[in-house]
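# Here you go, sequence then predicted model.
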Amino acid sequence: MNLNIFLLVIMTLAALWTVMARSLLKATMGLAITSAILTILIFRMASPLAAVFELSVCTGLITVVFVSTISMTKPLTHKEIIEASKDRLKRFWYLPVIMILAAIGLCFLKIPGDIKPALSTGTMDVRNVLWNLRQLDMFGQVIIIIAGALGVAILFKERKDEP
Amino acid sequence: MPSLIILVPLLGLIILNMPIGNFMRRGAFWFAIALFSAQVLLAVFHHSLAWTGKLPPVDALFKVGFTIDHLTFIMFICIGLVSFSSLLVARHAMGDEGELFKFINLLIIASVGMSGIVMVKDIFSLYIFLEITSIASFILIAFRKDVYGLEGAFKYLVLSAVATILMLTSIALFILVSGDTSFSTIGASLQSGNRVIVMLAIGIFICGLFIKGGVVPFHGWLPDAYMSAPAPVSILLAGIITKAAGIYTLIRITSAVFGFIEPVKAILMLAGTVSILFGAFAALGQNDFKRMLAYSSISQIGYIVLGAGTGTALGIAGAVFHLFNHSVFKSLLFVNASAVEKELKTNDMNRMGGLSYRMPITSATSMVGFLSTCGIPPLSGFWSKLLILIALWQTGHFAYATIAVLASVLTLAYFLMMQRKVFFGKLALGLENVKERGAGIMFVSIALAFITIGAGIFFPVIYNNFLLPIKEILVK
């Protein structure tokens, strides 16, 4: 089995564990593992800079933010966790079925496995791409960050008269 | 010059949030009013120098070109009008100055996101601006922080994330085939690319856009989000956000990238027809005022998708005009629904009745909105539906045309039922002290009703100046 496919399977299992885990902390760890495997995959696909971003931001920073947030919340009781998990399994049982059916469907499409990307990789410097070719997207990212900050201020900041 | 449409609001937003006194907060409302008014006026008078003039330092900032055509102008008008209406209603609905200020910030961000969507000609930039609009929308839906708002926002967030995954996958496939992200390069390379991958990418992308637009069978989030959001946000969502993020993008991407090839046309027409029927039948069974309007939106979005699916200049003109009309009359109906909700503290239509005695302006303007939705002449909805029907007939889709006409009768049925339950008949018990909401809300209702009537009466002017030139997107 190709190593990339093996890593993809492991990554999918880690992602499944993330969404199925009963504890938020375990889900966070699952996300970090998923992201770490994705980092290896990106690195193997000759994109070391993207891999570094993924490792530092998604595996590192986001995990730290999640763990910090979880530490500030009141955890559910064991009974509540079991109840929530049961309900979730009942409500979303069809999602893995759809995924498997879609995968079987894709097999019938006979997608050739030897397609070479039209983009010539490694010819452009990432700094040139980000700051000269994609300023509008960078500008958009700034707006997204502002929107996110506003969201935190609006949704998570309690008023003085609130308990 | 078009860069200013994005730069000015953002610069304003930054200045407004500087900690230099409370007067900035008070000025935010008037800044937003000026912003949205300018956007509408510049789009209506689109032959002005504002669009053709050059500002070298500003133009050089992004180093990318923008798409500025008649479709963009119509979308600018819709974005400006609906944002303006939402802002006026918010001022009335939100007593707290701080809350209003936060709302205005998010409204400006959503407006920048939508303006970006309608101007960009690069599929990745399009994705970025779609995300800006979506993030602002999540926060706006959950704005009140009550359980319904949070549930509606969460559903929208989850389904929007699914749409994002689909669109990103599709973008990756497009890059694989074409090596670029600009509409023109992708469009050109799709002709020679691997057919299986190209069709897969197109199919996935359309599914993502159907989720954003609330097209059946991807409509699950829409009624909950519309119902649970605060009144000004419902207006914004129903009036423009789903249309800019889903339907406009569908029309633009299909014309500029995929091309109106037979499989795409077949998918659009089928999804459009199913949406029309599902939305209409579901609306018939509702007792909640806002939920009925939400299902009606699904049905009317179906007409837009059906019109676009014909792939002809006339069909697309009809679809775009129906998009504009729906923005206006659905905003009008949601403004009125919010006025009724505020007065009665309920949306349950079984507890309403005879409101035309107590709220005559709300009742009369609602009637205009209902009749236009049903396609009654000479209101604007009649002309847009007529264009769609003629386009269907010309392309030989007689069955779809017949279904579209019959569904209009269904629309008339559920709206007459709504009008009878809410506004006609004897005044329901306990509603003796109900009165019209403030002058601000009445002004919005009357203005939107006049636009609905005016766009119908002056249809030839609109057709010649805005709709006929839309065929240029097909030539491109």
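Sure, I can see it. Numbers count the residues shown, from 1 in each chain, chains lettered A, B, ... in the order given.
# how about the residues of chain B near chain A?
Neighbours of chain A within chain B, by C-beta under 8 Å from any C-beta of the partner chain: B:6, B:10, B:13, B:61-64, B:102, B:105-106, B:109, B:112-113, B:116, B:120, B:122, B:124-125, B:128-129, B:131-132, B:135-136, B:138-139, B:142-143, B:145, B:175-180, B:189, B:194, B:196-197, B:200. Every C-beta, even on glycine, is put in place using the N, C-alpha and C of the backbone.
# Poorly predicted segments of the stretch 351-476 of chain B, please.
B:475-476 (pLDDT under 70).
# One more: chain A?
In chain A, residues with pLDDT under 70: A:1, A:84-92, A:113-123, A:158-163.
# try 50
Along chain A, the parts satisfying pLDDT under 50 run over A:163.
# For it, which residues are neighbours of chain B?
A:106, A:109-112, A:115, A:117-120, A:132-137, A:139-141, A:143-144, A:146-148, A:150-151, A:153-155.
# Out of the helices and strands in chain B, which is least certain?
helix B:49-52 (a mean of 67; mean pLDDT, DSSP states H and E).
# Give me the next element, helix or strand, following that helix.
Toward the C-terminal end, the helix or strand that comes next after helix B:49-52 (DSSP states H and E) is helix B:56-62.
# by contact count, what packs against that next one?
helix A:135-156, helix B:3-16 (3 or more C-beta pairs under 8 Å, 6 or more residues apart in numbering or on different chains; DSSP states H and E).
# any idea how far the one residue in the stretch 301-450 of chain B that gets nearest to chain A is from residue B:149?
The minimum distance from the stretch 301-450 of chain B to chain A, using C-beta to the nearest C-beta, falls at residue B:338 (20.1 Å). Here residue B:338 is placed at a distance of 14 Å from residue B:149 (C-beta to C-beta, to the nearest Å).
# Kindly tell me how buried residue B:465 is, as a neighbour count.
15 (other C-beta atoms under 10 Å in any protein chain shown).
# Same question for residue B:161.
12.
# Quick one: mean pLDDT over the helix or strand where it lies.
Assigned by DSSP H and E, residue B:161 falls within helix B:147-178. Helix B:147-178 shows a mean pLDDT of 88.
# Can you report how many residues neighbour the closest residue to residue B:247 other than its chain neighbours?
Leaving aside its sequence neighbours, residue B:247 sits nearest to residue B:213 (C-beta to C-beta, 6 or more residues apart in numbering or on different chains; 4.8 Å). Close neighbours of residue B:213, defined as other C-beta under 10 Å, add up to 27.
# Residue B:213 reaches residue B:302, doesn't it?
No. Using C-beta atoms under 8 Å, residue B:213 makes no contact with residue B:302, being 10.1 Å away.
# Could you tell me which of the residues of chain A next to chain B count as buried?
Listed as buried from these are A:134, A:136-137, A:139-140, A:143-144, A:146-147, A:150-151, A:154; burial here means 16 or more other C-beta atoms under 10 Å in any protein chain shown.
# Next, format those residues as CSV and append distance to residue B:242.
CSV is the format used below for these (distance: C-beta to C-beta, whole Å):
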residue, distance to residue B:242
A:134, 27
A:136, 24
A:137, 24
A:139, 24
A:140, 20
A:143, 20
A:144, 20
A:146, 23
A:147, 18
A:150, 21
A:151, 20
A:154, 22
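# In terms of distance to residue B:290, which of the residues you listed ranks first?
residue A:154 (22.3 Å; C-beta to C-beta).
# and the gap between that closest one and residue B:36?
On the measure of C-beta to C-beta, residue A:154 and residue B:36 end up 21 Å apart.
# picking that back up, and the residue of the stretch 301-450 of chain B closest to chain A, what element?
helix B:313-344.
# how many neighbours does residue B:435 have?
Counted with other C-beta under 10 Å, the neighbours of residue B:435 add up to 8.
# Not counting its neighbours along the chain, what's nearest it?
Going by C-beta to C-beta, 6+ apart, residue B:435 has residue B:358 as its nearest residue, at 6.1 Å.
# What of residue B:280?
In space, residue B:280 is closest to residue B:410, 4.0 Å off (C-beta to C-beta, 6+ apart).
# and after the helix or strand that neighbour falls within, which helix or strand comes next?
For residue B:410, the element it lies in under DSSP H and E is helix B:398-422. Moving toward the C-terminus from helix B:398-422, the next helix or strand (DSSP H and E) is helix B:439-457.
# what comes into contact with that next one?
The contact list for helix B:439-457, computed with C-beta atoms under 8 Å, 6 or more residues apart in numbering or on different chains, reads B:81, B:85, B:88-89, B:91-92, B:324-325, B:328-329, B:331-332, B:335-336, B:338-339, B:361-362, B:364-365, B:368-369, B:372, B:377-383, B:436, B:462.
# Restrict the residues you listed to the buried ones and give me that as a PyMOL selection.
To isolate the buried members of the contacts of helix B:439-457 in PyMOL, using 16+ other C-beta under 10 Å:
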select buried, chain B and resi 81+85+88+89+91+92+324+325+328+329+331+332+335+336+338+339+361+362+365+368+369+372+379+380+381+382+383+436+462
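# wait, doesn't the residue nearest to residue B:280 sit right on residue B:284?
Yes. Contact criterion C-beta under 8 Å: residue B:410 and residue B:284 qualify, at 6.9 Å.
# higher neighbour count, these two?
residue B:410 (18 against 15).
# Pull the contacting residues for the more buried one.
B:277, B:280-281, B:284.
# From residue B:373, how far out is it?
In terms of C-beta to C-beta, residue B:410 sits 11 Å off from residue B:373.
# re the thing from before, make JSON lines out of the helices and strands packed on helix B:56-62 and add distance to residue B:220.
Formatted as JSON lines, those follow (distance: least, C-beta to C-beta, whole Å):
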{"stretch": "helix A:135-156", "distance to residue B:220": "23"}
{"stretch": "helix B:3-16", "distance to residue B:220": "32"}
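# so which of these gets nearest residue A:8?
helix A:135-156 (27.3 Å).
# tilt between the closest one and helix B:3-16?
40 degrees (axes from the mean of the first three to the mean of the last three C-alpha atoms, to 10 degrees).
# What lies in contact with helix A:135-156?
With C-beta under 8 Å, 6+ apart as the criterion, helix A:135-156 contacts A:130-131, B:6, B:10, B:13, B:61-64, B:102, B:105-106, B:109, B:112-113, B:116, B:120, B:122, B:124-125, B:128-129, B:131-132, B:135-136, B:138-139, B:142-143, B:145.
# Closest residue of chain B to chain A?
residue B:179 (3.2 Å).
# Alright, calling it a day.
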